[in-house]
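Undergrad: give me the fold of what follows.
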Amino acid sequence: MAKSFVDKIDLCVTSKESLRLDKALTKIIPEKFGFSRARVQQLITSGAVSDINGKLLTDPAGKAYFGLKVSIRLPLPDASALLPEKIELEIIYEDADLLVVNKPAGMVVHPAPGTKNGTLVNALLFHCGSSLSGVGGIKRPGIVHRIDKDTSGLLVAAKTDLAHNGLANQFVKHNVERKYLALVHGCPSKLNTGRKNVPGLVFEPDHRIKISTKIGRHKFDRKKMAVHLDSGRDAITRFFVKKDFVIQGLPVASLIECQLETGRTHQIRVHLHHLRHGIIGDQTYRSQIKQKLNHLEELRPILKNFKRQALHATTLGFCHPRTGRWLSFSSKMPNDMVILHRMLDLQTEKL
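TA: Numbering: from 1, shown residues only. I've put the predicted structure just below:
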């Protein structure tokens, strides 16, 4: 079936240096379209680009010369292979370019083998409907960052190429503000006396704890990530202890704020596990500290019965790709974490 086209862009190459066709066009396409170089390459190879004589230019590596006039026909976005599903969402903000959603714990962000339905993307396809103008030539929401299935909180998704590329660029450059709240085993504020020699650990003047390491796949369990000294990708997290829960003289738990400077897979969970202050309920990165609390009869079931990592994306800030305005959003801890916090408070108050 022949493609239908919704618009046409007429361009003239203005660079006097010798450039590949895809690179030259990426430079001169109006910013309002928000096309990445990969998207331009896709348009070229699909036969959407022609010269002034109507000759198709199908080689992205072909040479573009000064004064070359081209037309780009913009096809209607293809329908997504994923199915829209009517799933209730908590939308924090939405406009024509993007939306911010408060994802519940237990929801997978993107379909994958074994989880083809019930994901955030399926829900967004239904919610957005015809308002999706297409990302990468497909009618789908653009996911520029992810939150683990059992982590709750704020996530931004793009509805247009402009928003997708603009947001992705901010995440790559670490210009996005991301803060999380976590309830963890033990009290990281007590680290000063016990763990000064932990690799990558720095105590900053503002009472924040900074950990800077490399994170890569676990050497033996490929489903897990781990801190490595000589391989992996750079990862930086800052922690601020908001409250300690000390019960019967033992540093049982803490409420901490985590700020991401980078965004590696499982980064907060891995860094806290590295510090031996794993997140309560984390079934993948279990904490050794929990074993020391077996004699606290009333506390043991509280920790044992929390079945997901007590981690919530509470703050998200970024520059709107179209308007340039800084947007900042916040989300309170969900009920399960609030209840856990109160139960720890009650145990502390009994002393």
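Undergrad: contacts, neighbours, all on C-alpha from now
TA: Will do.
Undergrad: which one is A168 nearest to, not counting chain neighbours?
TA: Across the structure, with CA to CA, 6 or more residues apart in numbering as the measure, the residue nearest A168 apart from its sequence neighbours is V144 (5.5 Å).
Undergrad: pull the contacting residues for the one you found.
TA: Contacts for V144 (CA atoms under 8 Å, 6 or more residues apart in numbering) come out as 156-158, 164, 167-168, 171.
Undergrad: would you mind measuring from it to V156?
TA: 7 Å (CA to CA, to the nearest Å).
Undergrad: max-length helix in the chain?
TA: Of all the elements of type helix in the chain, the one with the most residues (DSSP state H) is helix 335-349.
Undergrad: could you dump that one to PDB, C-alpha only?
TA: What follows is helix 335-349 as a C-alpha-only set of coordinates in PDB (Å, rounded to 0.1, in the frame of the first residue of the first chain):
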ATOM      1  CA  ASN A 335      -0.100   4.900  50.500                       C
ATOM      2  CA  ASP A 336       2.000   1.700  51.000                       C
ATOM      3  CA  MET A 337       5.100   3.700  51.700                       C
ATOM      4  CA  VAL A 338       3.200   6.200  54.000                       C
ATOM      5  CA  ILE A 339       1.900   3.200  56.000                       C
ATOM      6  CA  LEU A 340       5.400   1.700  56.200                       C
ATOM      7  CA  HIS A 341       6.700   5.100  57.400                       C
ATOM      8  CA  ARG A 342       4.000   5.300  60.100                       C
ATOM      9  CA  MET A 343       4.700   1.800  61.300                       C
ATOM     10  CA  LEU A 344       8.400   2.500  61.700                       C
ATOM     11  CA  ASP A 345       7.400   5.800  63.500                       C
ATOM     12  CA  LEU A 346       5.200   3.900  65.900                       C
ATOM     13  CA  GLN A 347       8.000   1.400  66.700                       C
ATOM     14  CA  THR A 348      10.300   4.300  67.400                       C
ATOM     15  CA  GLU A 349       7.800   6.100  69.600                       C
END
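Undergrad: show me what it is packed up against.
TA: Taking 3 or more CA pairs under 8 Å, 6 or more residues apart in numbering; DSSP states H and E as the contact definition, the neighbouring helices and strands of helix 335-349 are strand 233-247, helix 299-304.
Undergrad: and K27, that's in a helix?
TA: Yes: if the criterion is DSSP: H, G, I helix; E, B strand; the rest coil, then K27 is within a helix.
Undergrad: quick check, pLDDT for it.
TA: The model reports K27 with a pLDDT of 85.
Undergrad: so how many other residues sit close to it?
TA: Applying the criterion other CA atoms under 10 Å, we find 15 residues in the vicinity of K27.
Undergrad: which residue lies nearest the spatial centre of this structure?
TA: The geometric centre of the chain, computed from its C-alpha atoms, lies nearest to H145 (CA atoms, centre = their mean), at 2.4 Å.
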